[in-house]
Each structure stands twice: as C-alpha cells, then as structure tokens.
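> here's a sequence, model it:
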Amino acid sequence: MIEIVASRPTHVGPIATKMRAADVKECLFSQLTPKGALRLGLQVSETCWTTLVDKVPVAMFGVVPTSVMEGRGRVWMLMTNDAMTHRRAIVRLGRLYTEALQRHYRILDNYVHAENDAAIRWLARLGFVVGPIDVIRGQPVRYFMRHG
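Reported below is the predicted structural model:
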C-alpha cells in the first residue's frame, strides 16, 4: 500500500541508505550527503512529505519558498530504488501534489542533474519545462520550471 505522510526525521535514514544513484548525484551537486540533503530538505521546506510503501519510507519531497514576492518555490524529491517499482502510482500522486503546490506558488522550479533521465521524463509528465544543459559547479544540470 502506498501512502503520503508528513515527513519526520525517522524517515531520513531508510531513504538515505537506499537512495537511487541518480539522486545521490543530485545530493553531491548540492555538496551534501544523502542524509544531509534529506535533513536540510526537511528543515527548510515549507511542506515536506514522505512516500511510504507498506509503511517503509521510499521517497521524500517538498517545497522551499525562495521568493514570496514572485510566488516562487523550489521543489525537490529524493527517492530509493524501491520507489521506482511503483512508478505509475508515483507519477499519479506527483500530479496531485504538484497541482496542490501550484495553488500556493505561481512558479515551481529547481535544477536536475542532466544525467538523471528518469527524473527529466517525470518532470515533463508533470508539466515542467526542462531547459538545456548548463554547467554549474562542474556538473551538467538542467533548470526546470512550471508556471501556475
């Protein structure tokens, strides 16, 4: 059974230890360990949720307000390989949560590692426009954005 719950610090360890290699690259791009990235996300996000599969944390996602004047929020998600076995459900739930976030933020954005093909496809399905490859801190990344 898949459920979405408010994130708690106890969710960090199980997700960090089984994080997808592509998501570990995302953490390293931000100069953080997987645990550090999840802890920071939990700490600074206005809203932060965990996806549970059979009560086991498999993904964490949230939004960090970056500009109240512009109505801009930085969205993020980090997941385990176990989450990938439930892709359809995660895409369906992702649409629901993206729409909910978009009611509070006019602009949702962030960067994705250019080699994270699964995340780029998922973002496109959720209605984000994914830009061309840029290099930041020596890493190939792509800016993505969705207007509400």
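> contacts and neighbour counts: CA atoms only from here.
Will do.
> which other helices and strands does the top helix by length along the chain contact?
For the chain, the longest helix by residue count, based on DSSP state H, is helix 87-102. Judged by 3 or more CA pairs under 8 Å, 6 or more residues apart in numbering; DSSP states H and E, helix 87-102 is in contact with no other helix or strand.
> switch to 10 Å and redo it
strand 2-6, strand 47-53, strand 56-67, strand 72-79, strand 107-113, helix 117-125, strand 139-147 (3 or more CA pairs under 10 Å, 6 or more residues apart in numbering; DSSP states H and E).
> please pull out the lowest mean pLDDT helix or strand from this structure.
helix 87-102 (a mean of 86; mean pLDDT, DSSP states H and E).
> compute the inter-axis angle for that one and strand 107-113.
140 degrees (axes from the mean of the first three to the mean of the last three CA atoms, to 10 degrees).
> how about helix 87-102: buried residues?
I90, L93, G94, R95, Y97, T98, L101, Q102 (16 or more other CA atoms under 10 Å).
> could these go into CSV alongside distance to T33?
Converted to CSV, these look like this (distance: CA to CA, whole Å):
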residue, distance to T33
I90, 24
L93, 27
G94, 24
R95, 28
Y97, 26
T98, 26
L101, 26
Q102, 29
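> please consider this matter closed, and thank you.
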